[in-house]
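Undergrad: Need the 3D shape of this:
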Amino acid sequence: TVQMDCRMIEQLCSTIVKTEPENWEIRNKAIQSISSLISTAILNESVDEDAIPSLDILELFRLLKDPVRMLISDLRSQQVRDICILVTKLAELTKDKMKI
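TA: The predicted structure follows:
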């Protein structure tokens, strides 16, 4: 099960997509915030495995698709590094569901 604030993730993804590349600090903060939300979901999942999911894994993938695609090819190593951390945390959260 996954418990996250869908609206918050959607806002952060929108920030990443709409912010100009020159303002990479803003985009990077949004990436880090999403990673933090995913880390919290991982911790909550290990504590309460019977919790009702508030965000479907497919919806999470849909929200993250464009921001990840955009930033994984960025020339700034910090952004690529933080996107790789986010994808790693996403894989940890979704486990086998990532094969979807």
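Undergrad: which ones are touching Leu86?
TA: 31, 34-35, 38, 64, 68 (Cβ atoms under 8 Å, 6 or more residues apart in numbering). For the C-beta atoms, the positions are set from N, CA and C on the backbone; glycine is no exception.
Undergrad: Take these and keep only those in helices.
TA: If you go by DSSP state H, those have 31, 34-35, 38, 64, 68 in helices.
Undergrad: could those residues go into CSV alongside pLDDT?
TA: Converted to CSV, the ones in helices among the contacts of Leu86 look like this (pLDDT from 0 to 100):
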residue, pLDDT
Ile31, 91
Ile34, 91
Ser35, 90
Ile38, 84
Leu64, 88
Val68, 88
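Undergrad: Reformat those as CSV; add distance to Asp5 and neighbour count.
TA: Listed next are the ones in helices among the contacts of Leu86 as CSV, based on distance: Cβ to Cβ, whole Å; neighbours: other Cβ atoms under 10 Å:
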residue, distance to Asp5, neighbour count
Ile31, 16, 24
Ile34, 10, 27
Ser35, 14, 18
Ile38, 11, 24
Leu64, 14, 20
Val68, 19, 20
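Undergrad: Relative to Leu43, how far out is Ile16?
TA: 24 Å (Cβ to Cβ, to the nearest Å).
Undergrad: higher neighbour count, those two?
TA: Set Ile16 next to Leu43 and count neighbours by other Cβ atoms under 10 Å: Ile16 wins out with 24 against 10.
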